[in-house]
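[1] this one's sequence-less:
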């Protein structure tokens, strides 16, 4: 039981955003993830495990997620 | 969410169209939309030679890719602003795309013309870097088109770029710019190339998704001078509205285009007494800059042609348009 608890504690969603890495403890939808970073759905894309995903998709604690900014000043 | 076309898991939700698409169907959707824009607004007519303004960013590289996939044999041009590592990296991305598409890439170099980088020019002229950059880009893009025989210049301006510029022009009632944001700006004789924006009705998010799905290697970093730009504020405001009310941005631009068609034509520009390119003053801004700072344009443009190293003797590159 203790081992399982430790494993659950260690397994966290890896999120890469703006050149930094974050560990997220809970599974959540892409939409919730963007909200937690205070980011607009219109201005960002979510790539989970190398694949572009819609914001309604649930991201698991085993996932590696990249948030991509799409807006540039140009 | 499921793809509306094939039912597979969707890769992208498109709230403005109340739909979601998988990777393959989204790529087909965006390419079709660009082709429709080109045809509807007559951006590239039969016999016209297209040149794409390439910055190394997602929009221009995606545009260059799409045009060639649609059968328009478009070459590219890059403007080296001399912004340290940023310019070097972006040029390498543009050149890698030239290799992939097997198309020519022209490079207009500011440091070669002025012997100075944009930052130094900005300091000398006391003009903001973005204002200088605009002056040089307008001149350089037209110069390469005119001297190299391209009749239409295509830029990667997208829906968000245009909507934010329009918002800015309305907020400050800049009437001198307000009615100059058409999808296509016709040329003027042999001295001004036609300009067109095939992504006019494609959002920045859609173009970024396309670039990502096609594995396009673009410069992700922002131009150091764009940080804090007012355009970014307008884009954020418009995206907040878009989140609450999807399709607002496209309605905003479509409404603008509708009104633009009924506006009277602008006055014709005259020719610059130094270079002969169109201007509304005696001398164009670029020639005035040359007078003030001093420069030499003899080595301004170089050409990278991947075909020269790849093609067999006697083989020719296809130049037929779709």
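    All right, it came through fine. Please read all numbers here as calculations on a predicted model, not as lab measurements. Numbering: from 1, shown residues only, chains lettered A, B, ... in the order given.

[2] For the residue of chain A found nearest chain B, give me its contacts.
    With CB to the nearest CB, the shortest gap between chain A and chain B falls at residue A:73, namely 2.9 Å. From N, CA and C alone the C-beta is placed, and that goes for glycine too. Each residue near residue A:73 by CB atoms under 8 Å, 6 or more residues apart in numbering or on different chains is listed here: B:222-223, B:226-227, B:229, B:231-232.

[3] From these, pick out the ones that also neighbour chain A.
    Restricting those to those within reach of chain A (CB under 8 Å from any CB of the partner chain) leaves B:222-223, B:226-227, B:229, B:231-232.

[4] Okay, now the unreliable bits of chain A?
    For chain A, residues meeting the criterion pLDDT under 70 lie at A:1-9, A:74.

[5] mind redoing it with 80?
    Scanning chain A for pLDDT under 80 picks out A:1-10, A:73-74.

[6] thinking again about what came up before, closest to residue A:10 among the contacts of residue A:73?
    residue B:222 (35.2 Å; CB to CB).

[7] quick one on the thing from earlier: just the buried residues of the contacts of residue A:73.
    If you count burial by 16 or more other CB atoms under 10 Å in any protein chain shown, the buried members of the contacts of residue A:73 come out as B:222-223, B:226, B:229, B:231-232.

[8] one step back: got the contacts of residue A:73 as JSON lines, with pLDDT and secondary structure columns?
    Formatted as JSON lines, those follow (pLDDT from 0 to 100; DSSP: H, G, I helix; E, B strand; the rest coil):
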{"residue": "B:222", "pLDDT": "83", "secondary structure": "coil"}
{"residue": "B:223", "pLDDT": "87", "secondary structure": "coil"}
{"residue": "B:226", "pLDDT": "84", "secondary structure": "coil"}
{"residue": "B:227", "pLDDT": "81", "secondary structure": "coil"}
{"residue": "B:229", "pLDDT": "85", "secondary structure": "coil"}
{"residue": "B:231", "pLDDT": "91", "secondary structure": "helix"}
{"residue": "B:232", "pLDDT": "92", "secondary structure": "helix"}
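
[9] quick check, nearest of those to chain A?
    Using CB to the nearest CB, residue B:226 is the member of the contacts of residue A:73 that lies nearest chain A, at 2.9 Å.

[10] And for residue B:167, the neighbour number?
    Look at residue B:167: counted by other CB atoms under 10 Å in any protein chain shown, it has 19 neighbours.

[11] Chain A against chain B: which residues are in contact?
    Chain A has residues A:40-43, A:45, A:47, A:51-57, A:68-74 near chain B, with proximity defined as CB under 8 Å from any CB.

[12] go again using 6 Å as the cut-off
    Within chain A, the positions adjacent to chain B are A:40-43, A:45, A:52, A:54, A:56, A:70-73 by CB under 6 Å from any CB of the partner chain.

[13] and those residues, which of them are in strands?
    Judged by DSSP state E, the residues of chain A next to chain B include A:45, A:52 as members of strands.

[14] farthest-separated two in the residues of chain A next to chain B?
    Of all pairs drawn from these, the one with the longest distance (CB to CB) is A:56 and A:73, at 29.7 Å.

[15] pLDDT score assigned to the closest residue to residue B:225 other than its chain neighbours?
    Distances taken as CB to CB, 6 or more residues apart in numbering or on different chains place residue B:129 nearest to residue B:225, at 4.4 Å, with adjacent residues excluded. For residue B:129, the pLDDT comes out at 89.

[16] Wait, residue B:129 touches residue B:121, no?
    No: counting by CB atoms under 6 Å, residue B:129 does not reach residue B:121; the two are 8.0 Å apart.

[17] The two - which one has more neighbours?
    Using other CB under 10 Å, the more surrounded residue of residue B:129 and residue B:121 is residue B:121, with 25 against 19.

[18] any idea which element the residue nearest to that one when sequence neighbours are not counted lies in?
    Counting by CB to CB, 6+ apart, residue B:121 lies nearest to residue B:132, which is 5.5 Å off, once chain neighbours are set aside. Using DSSP states H and E, residue B:132 sits within helix B:129-148.

[19] List the contacts of residue B:238.
    Residues in contact with residue B:238 (CB atoms under 6 Å, 6 or more residues apart in numbering or on different chains) are B:163, B:249.
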